[in-house]
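>>> Need the 3D shape of this:
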Amino acid sequence: MADPHLKKGYTRIANELLEALIRVDWNKAHKDLMFTIIRFTYGWSKKSAKLHLFSIGFMCDKSEARVSRILSELIYLGGIIRIGKTYAIQKDFDQWKPKKLLKHFRHKKKTYRSYPHTRKKFIRSI
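Purely as a prediction, here's the structure:
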């Protein structure tokens, strides 16, 4: 049985930022990662945190590859700021972009190059 109490810990977040996160037109995976980063930063009273893909994926139940892709999309959408392995939330939610702009981000032309002696295919993005 769940027994949440403020004594066990809480995350301070501005109501305005929380309401903007609820209203933004992003899918569940994007919002899950935003809440996870909020938990790792604001939950420990920090503005930014050095995070690993494994720890983010463990908390929101996603693979490291999926976390990497979603983080890249969130950086493109302006929800997250990344400097090295340090992540922070973009508090100026007016700079957040709508999800419909992701179609320009995702469609990279891929070329396949085959090496017969190794029987492997290598993907190269153009």
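>>> hey, let's count contacts and neighbours off CA atoms from now on
Will do.
>>> Between its first and last residues, how far does stretch 54-68 reach?
10 Å (Cα to Cα, to the nearest Å).
>>> Please point out which parts of that stretch sit buried.
Neighbour counts using 16 or more other Cα atoms under 10 Å place 56-57, 62, 64, 67-68 of stretch 54-68 among the buried residues.
>>> Repeat that for stretch 11-28.
21, 26.
>>> Identify all contacting residues around it.
Here stretch 11-28 makes contact (Cα atoms under 8 Å, 6 or more residues apart in numbering) with 31, 39, 42-45, 91, 93, 98-99.
>>> distance between that stretch and the chain's centre?
Centroid separation between stretch 11-28 and its chain, computed with Cα atoms, centre = their mean, to the nearest Å, is 14 Å.
>>> likewise stretch 2-10?
With Cα atoms, centre = their mean, you get 25 Å for stretch 2-10.
>>> Can you show me the CA trace of it as CSV?
Backbone C-alpha positions of stretch 2-10 (Å, rounded to 0.1, in the frame of the first residue of the first chain) are rendered in CSV as follows:
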residue,chain,number,x,y,z
ALA,A,2,1.3,3.4,-1.0
ASP,A,3,1.9,5.8,1.9
PRO,A,4,3.2,9.1,0.6
HIS,A,5,4.1,11.8,3.1
LEU,A,6,6.0,15.1,2.7
LYS,A,7,8.4,13.9,5.4
LYS,A,8,9.7,11.3,3.0
GLY,A,9,10.7,14.0,0.4
TYR,A,10,9.1,16.3,-2.1
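>>> so what does the helix or strand hosting G57 touch, helix or strand wise?
Element membership for G57 (DSSP states H and E) is helix 53-60. Helices and strands touching helix 53-60, by 3 or more Cα pairs under 8 Å, 6 or more residues apart in numbering; DSSP states H and E, are helix 28-41, helix 64-77.
>>> The helix or strand that the first one is followed by - contacts with which helices or strands?
What that stands for is helix 28-41. Counting by DSSP H and E, the next helix or strand C-terminal to helix 28-41 is strand 48-50. Contact here means 3+ Cα pairs under 8 Å, 6+ apart; on that basis strand 48-50 packs against helix 28-41, strand 86-89.
>>> Please identify which of those is closest to M1.
helix 28-41 (22.1 Å; Cα to Cα).
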